[in-house]
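Peer 1: give me a 3D structure for the following:
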Amino acid sequence: MIDVSPKFNTLRYAMAKGTLIAKAETIHRVIDRTVPKGDVLEVARAAGINAAKRCSDWMVFCHNLPLDWIDLKFEFEEDRIKVFAEAKAIWKTGVEMEALAAVAGALLNMYDMLKPLDEELAISDVKLVKKKGGKSSFRDGFAEPLRAAVLVISDSTFAGQREDKSGKIIQQFLEKQEVSVAVYEVLPDEKEQIRERLIQLADREKIDLLFTTGGTGLGPRDVTPEATREVIHKEIPGIAEALRKHGKERTPYAMLSREVSGLRGNCLIVNLPGSSKGAQESMEALFPGLLHAFPMMRGFGH
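Peer 2: This next block holds a predicted model:
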């Protein structure tokens, strides 16, 4: 199976459809509910719902996910019945297979109930109609790449006693986004020095997106949040809340972090943890939704 543990939950939606081809007489018997085996539509609806709920039981690489909603609808034409299934879940993976399984389950049960009456039955055109949710639904495009800065805040790294890992992880992650890393620096845990560099990058060097990594814990020299608060003009609590929520689902130590995020002019400043694992998980939690801050800042709203 694909490891989806780094992903975060979003509302997932999918619609699938399929067709049962039959004689006109057979279609009328379904509508009139005169099929000997029973009410074809009600059985098909129940079978489709059950197939969706048990999708992962027989589909080898399909993740077991908590379905929030599944429903089926039927449309009639002279020689066919069209089956539509819709599914929703708030989860890490999509519900395409559940919607397709619902359609397939409904069609197979319809076929089974009608085969004594019609030797020309056929199932066709089972396919996905549309899907929503996941990271692909939350991507913003930019005419030019955003300019980013990565500041590693660490006394030991600044002194050359420790190799930086978290800053490089952030840098590598940004290279896969519509972001150009213009600045990468290492600073000591000195509040005034951090503060002054944040101001320079935001005001003079016109950096769009500024990440700090390190100095957000409870150590005696952890002062990155304090320096950031003195610099930003508008705090964005939701960013830090998202980081801590995502982190808390993976380690209880996330509740001890003190990251701060906010705007200074047109520069978005985000504190990240200093550990390499924390930095990686934080970037996965933030993107691509974080980039939507920029169209909002430019007056385009949500």
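Peer 1: which strands and helices sit next to the longest helix anywhere in the chain?
Peer 2: Using DSSP state H, we find that the single longest helix of the chain is helix 96-114. Contact analysis of helix 96-114 by 3 or more Cβ pairs under 8 Å, 6 or more residues apart in numbering; DSSP states H and E lists strand 10-21, helix 24-32, helix 40-53, helix 55-58, strand 69-77, strand 80-91, strand 122-132 as its packing neighbours. C-beta: built from backbone N, CA, C; applies to glycine.
Peer 1: quick one: average pLDDT of the shortest one?
Peer 2: Per-residue pLDDT values over helix 55-58 give a mean of 92.
Peer 1: who does Trp69 bridge with?
Peer 2: Beta-bridge partners recorded for Trp69 (DSSP bridges): Lys88.
Peer 1: residues contacting the residue nearest the centre of the chain?
Peer 2: Closest to where the C-alpha atoms of the chain average out (Cα atoms, centre = their mean) is Gly134, at 3.6 Å. Shown in contact with Gly134 (Cβ atoms under 8 Å, 6 or more residues apart in numbering): 10, 12, 93-94.
Peer 1: quick one: buried ones out of those residues?
Peer 2: For these, burial is judged from neighbour counts taken by 16 or more other Cβ atoms under 10 Å, and it is met by 10, 12, 93-94.
Peer 1: out of the residues you listed, which is nearest to Glu259?
Peer 2: Glu259 lies nearest to Thr10 out of the buried ones among the contacts of Gly134, by Cβ to Cβ, at 21.9 Å.
Peer 1: distance check, the closest one against Thr93.
Peer 2: Between Thr10 and Thr93 the computed distance is 10 Å (Cβ to Cβ, to the nearest Å).
Peer 1: what would the contacts of Gly134 look like in TSV with distance to Ala122 and pLDDT?
Peer 2: Below are these laid out as TSV (distance: Cβ to Cβ, whole Å; pLDDT from 0 to 100):
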residue	distance to Ala122	pLDDT
Thr10	37	86
Arg12	31	94
Thr93	32	92
Gly94	29	93
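Peer 1: can you redo the residues you listed as TSV with distance to Ala22?
Peer 2: Shown next, in TSV, are these (distance: Cβ to Cβ, whole Å):
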residue	distance to Ala22
Thr10	39
Arg12	33
Thr93	35
Gly94	31
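Peer 1: if we can go back for a sec, what is the orientation angle of the longest helix of the chain with strand 69-77?
Peer 2: 50 degrees (axes from the mean of the first three to the mean of the last three Cα atoms, to 10 degrees).
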